[in-house]
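Enquirer: this one's structure only:
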């Protein structure tokens, strides 16, 4: 069992940056693939970024590539999402998620989810 708690969301202006954190419970964090997803009002939850269990490989949605960076610190049981050059279209609730084995971009293939943190970008 893994419990995930996101933090770091907030209200920012277009062009600003935010860093989201996701703290995981348990001593097996290092075996999990971690992902960040987001859900805007009235839209389906969508993939933003994912990172392999070792942190050696990262994957991004085209919409965030070049602006967002996912990273993890297995010693701290934490995964991060650095978000730069934020735009109003990035407004959403951001969720971190965990799954075993391989990286995937499909939300329904992740086993564990946090409660989400709101990111609002004003123009």
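Expert: Arrived safely. Bear in mind the structure is a predicted one, so any value in this text is a computation, not a measurement.

Enquirer: Contact partners for the most centrally placed residue in the chain?
Expert: Geometric centre of the chain, nearest residue: residue 36, 2.3 Å, by C-alpha atoms, centre = their mean. Contact partners of residue 36, counting by C-beta atoms under 8 Å, 6 or more residues apart in numbering, are 20, 22, 48-50, 68, 70, 79, 81, 94-97. (Glycine included, C-beta is placed from N, CA and C.)

Enquirer: And for residue 46?
Expert: 37-39, 61, 107.

Enquirer: same deal with residue 14?
Expert: By C-beta under 8 Å, 6+ apart, the contact set of residue 14 is 86-88, 121-123.

Enquirer: Likewise for residue 22?
Expert: Neighbour list for residue 22: 4-7, 34, 36, 78-81, 96, 114 [criterion: C-beta under 8 Å, 6+ apart].

Enquirer: From the residues you listed, pick the one nearest residue 43.
Expert: The closest of the contacts of residue 22 to residue 43 turns out to be residue 36 (C-beta to C-beta; 15.7 Å).

Enquirer: what pLDDT does the closest one get?
Expert: You'll see residue 36 listed with a pLDDT of 98.

Enquirer: which residues of this structure fall in strands?
Expert: For the chain, strands defined by DSSP state E occupy the ranges 4-7, 10-13, 18-24, 32-39, 46-51, 58-60, 68-73, 78-83, 92-100, 112-113, 117-122.

Enquirer: Pull out the buried residues from the contacts of residue 14.
Expert: The neighbour count (16 or more other C-beta atoms under 10 Å) marks 86, 121 as buried among the contacts of residue 14.

Enquirer: can you redo the contacts of residue 14 as CSV with pLDDT and distance to residue 101?
Expert: Putting the contacts of residue 14 into CSV (pLDDT from 0 to 100; distance: C-beta to C-beta, whole Å) gives the following:
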residue, pLDDT, distance to residue 101
86, 98, 32
87, 98, 33
88, 97, 36
121, 98, 34
122, 98, 39
123, 94, 40
